[in-house]
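1. Have a look at this prediction, sequence included:
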Amino acid sequence: MFGLIYKDIIANKKIIKIMLIGLFLIIFVMNSAVSGYADVGEKNMMSYFLPVMCGHICIYVIMGCIQQEVIKRDERKLWAYYITSTPDGVKQQVSSKYLFVLLTTVIGFSLCMVLDYVTSLTFGIMPEMFMSLYMLMMYAVIFINAVEIPFVIRFGNKAGNNYRSIVFVVVVFAVLVYALFGDIAAFSSSEKFMEMISCLLSGEVKSAGLAIVIAAFPYIAGVLFFFSYKLSCKLYLKGTECYNG
């Protein structure tokens, strides 16, 4: 399994290098943005939160692109037939992809923490309350991957692209619906918005159901990721029918 991960890294080293350079450029740009706010005296939490959050999203998007390239490279019938002929080949192949996805997600989270630390030094504050939000973001990425990977294994990378497009459309639609019909009082000022975020992360939410979901979400994501791996092992041979070459 670790040999397959090493093979993936070597086979994709060029694209990985390019994207890693992009990651560090993001850290530099977002740190510069926060530094600009600090220089003009805008030292409020919103002027810190928005650039850093945009940086985190960009980091996870780039890590997702790396994961996509690694999985796509093995979508070949000759490779699939070879790997299935080896002892526990299917399990080794699928587990290597899942472990690579998990490792790159954790690396992405670590880079987010580097971005947060660097920008906090520039800005002069260390907002520890955001750590819970960043952890939730990481588990959300794991949750999304757990749903996506079986589609990719069974129907190929195009199915994964369609899945990501659907998720993006649903999120945008939900945001638009909430903006039109929901309570947007918390977004009327930066102070109210940060107060809402603080209450959410500290567990001081009005809805008991929402509090339970937030507390249970990391476990839900972990369990779903495990069963997603089991499902992908069963779907791998069927998925080879969609491969070329």
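-> Thanks, I have it.
2. so Ala80 sits right up against Thr240, yeah?
-> Yes. At 4.1 Å, Ala80 and Thr240 qualify as touching, with contact defined as CB atoms under 8 Å. Where C-beta positions appear, they are placed from N, C-alpha and C, glycine not excepted.
3. any idea how far Met113 is from Phe173?
-> With distances defined as CB to CB, to the nearest Å, the gap from Met113 to Phe173 amounts to 31 Å.
4. which stretches of this structure have low pLDDT?
-> Across the chain, the stretches falling below the confidence threshold (pLDDT under 70) are 1, 30-49, 122-130, 159-160, 164, 175, 178-211, 243-245.
5. could you point out the longest helix in it?
-> Looking across the chain with DSSP state H, the single longest helix is helix 89-123.
6. Any idea how far that helix is from the middle of the chain?
-> Here the centre of helix 89-123 is set off from its chain's centre by 8 Å, with CA atoms, centre = their mean, to the nearest Å.
7. what do you get for stretch 63-83?
-> Its chain's C-alpha centre lies 19 Å from the corresponding centre of stretch 63-83 when counted by CA atoms, centre = their mean.
8. go on, stretch 78-97?
-> Distance of stretch 78-97 from the chain centroid (CA atoms, centre = their mean) equals 26 Å.
9. residues in contact with it?
-> Under the criterion CB atoms under 8 Å, 6 or more residues apart in numbering, residues 1-2, 4-5, 8, 70-71, 74, 149, 153, 229, 232-233, 236-237, 239-240, 243, 245 lie in contact with stretch 78-97.
10. Enumerate every residue touching the residue most central in space within the chain.
-> Centroid-nearest residue in the chain, with CA atoms, centre = their mean: Val141, separated by 3.4 Å. Contacts were defined as CB under 8 Å, 6+ apart; by that measure Val141 touches Tyr60, Gly64, Thr105, Gly108.
11. The last one - how many residues pack around it?
-> The local packing count at Gly108 equals 23, with neighbours defined by other CB atoms under 10 Å.
12. if I look at it, how far off is Phe227?
-> Shown here: Gly108 relative to Phe227, a distance of 23 Å by CB to CB.
13. Pretty sure Ile62 sits against Ile18.
-> No. Shown here, Ile62 and Ile18 do not form a contact pair, counting by CB under 8 Å, at 9.7 Å.
14. Which one's more surrounded, the two?
-> Between Ile62 and Ile18, Ile62 has the larger neighbour count (other CB under 10 Å), namely 19 against 13.
15. Please report how far the more buried one lies from Cys112.
-> Where Cys112 is concerned, Ile62 sits at a distance of 11 Å (CB to CB).
16. ditto for Leu50
-> For Leu50, the distance to Cys112 under the criterion CB to CB works out to 15 Å.
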